[in-house]
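Asks: next one to model:
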Amino acid sequence: MGGFGSGRPQILPSLSTLYSVRTKQIREACDFRSGLFGSITFGDGTTISVRTSPGYVHVNDVPILVDWTTPHLGGRRAWFRCCSCGRRCTVVYGRERQWGCRRCWRANYPSQKQDRYERLVRRAGRLRRKLGDTVAKAPVDHVELAGIPPDKPARMHWHTYSRLARELEQVEVAIGQEFVKSAERLLARCRQRGTTP
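Replies: As a prediction, the model looks like this:
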């Protein structure tokens, strides 16, 4: 009883649920000069305070050690030292008063939690944007556009356009097949439970 892997599975956080602070943002907020105050505002309206002291950056009053290296072509490059493991990194993730590197948070990228259908939809959207489509982010948003590649963008070679259009067609066919498979699985589960969708 209670062997390896037993018990509740641990739910690891996603990077989309954590705030990220980059060395570039600190440089823009207070230029790593000692004694300066600044702030960083995120897309959801949350603002965190940033303060510098000799050798440290204080993010929401949590001190994070700053390490400097000299690149081969000159200048100086700033790095954070993770508060937990001491590893050098350019991005720290956190909430309120907890900050650390991605490894210490054991956080996943959002794409790691996507199934095959979602990955295909994202890939089709990426291909459509490469082909200059400004209307649809993905074929699932505009079903009527699926199977119709956008017009060739200006300055794109015909060979490149043909290759991308063929790839888009293959991905959109795979999206349709994956959708049918998932619908069949859902219907089978409903039949087993004796319910109708």
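
Asks: direction included, what does the helix or strand encompassing residue 79 pair up with?
Replies: If you go by DSSP states H and E, residue 79 is part of strand 77-81. Paired neighbours of strand 77-81 in the sheet (DSSP bridges): strand 62-69 (antiparallel), strand 88-89 (antiparallel).

Asks: of those, which is nearest residue 34?
Replies: strand 62-69 (10.4 Å; C-beta to C-beta). (C-beta placed from N, C-alpha, C; glycine too.)

Asks: so which bits of that closest one are buried?
Replies: By neighbour count with 16 or more other C-beta atoms under 10 Å, strand 62-69 contains the buried residues 62, 64, 66.

Asks: same question for that strand, mean pLDDT?
Replies: On average, the pLDDT along strand 62-69 is 89.

Asks: CA atoms of it as PDB?
Replies: What follows is strand 62-69, C-alpha atoms only, in PDB (Å, rounded to 0.1, in the frame of the first residue of the first chain):
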ATOM      1  CA  VAL A  62      11.600  39.700  -2.800                       C
ATOM      2  CA  PRO A  63      15.400  40.000  -3.300                       C
ATOM      3  CA  ILE A  64      16.700  38.200  -6.400                       C
ATOM      4  CA  LEU A  65      20.500  38.100  -6.800                       C
ATOM      5  CA  VAL A  66      21.800  39.600 -10.100                       C
ATOM      6  CA  ASP A  67      24.800  38.000 -11.800                       C
ATOM      7  CA  TRP A  68      26.800  39.700 -14.600                       C
ATOM      8  CA  THR A  69      28.800  38.200 -17.400                       C
END
